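>>> what follows is a predicted structure for the sequence shown.
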Amino acid sequence: QVQLVESGGGLVQPGGSLRLSCAASGFTFSSYWMYWVRQAPGKGLEWVSAINTGGGSTYYAESVKGRFTISRDNAKNTLYLQMNSLKSEDTAVYYCTRGVGAGGGMDYWGKGTLVTVSS
């Protein structure tokens, strides 16, 4: 069965960095677009970033552009999100999701990893 397991979250000070990982299994990872989505406390879901199957095309929300980098290692079935210059407003649960169709849909989600940016 499809499984997406995030890791790497934690408490970090403003201006700090974290790298999130998402281990994928149960499907042909290299055939799917992948996404990161986050949900801040008390707020709705926010799309963060996307990456195409080969990793050559990446996309970012304006709120994280220039600070976050999405990448993937298809040999290791792993998705990454490098987060630099973190701000308090980046505090959220971060979800790894699998893309479906041509319209940016997502059909499988991990359980998420909490990132807290605070001094």
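Received it, and whenever you're ready, just let me know what you need. Numbers count the residues shown, from 1 in each chain.

>>> okay, CA-based contacts and neighbour counts for the rest of this
Will do.

>>> any chance you could map the strands in this protein?
Secondary structure of the chain (DSSP state E): strands at 3-7, 10-12, 18-25, 34-39, 45-51, 58-60, 68-73, 78-83, 92-100, 105-109, 113-117.

>>> partners of the fourth one, with directions?
Right, strand 34-39. strand 45-51 (antiparallel), strand 92-100 (antiparallel) (DSSP bridges).

>>> residue 18 and residue 66, how far apart?
Computed as Cα to Cα, to the nearest Å, the residue 18 to residue 66 distance reads 15 Å.

>>> ok, those two, which is more surrounded?
residue 18 (18 against 12; other Cα atoms under 10 Å).

>>> so who does the more buried one touch?
By Cα atoms under 8 Å, 6 or more residues apart in numbering, the residues touching residue 18 are 8, 9, 12, 82, 83, 84.

>>> tell me what it is bridged to.
Note on residue 18: beta-bridge partners residue 83, judged by DSSP bridges.
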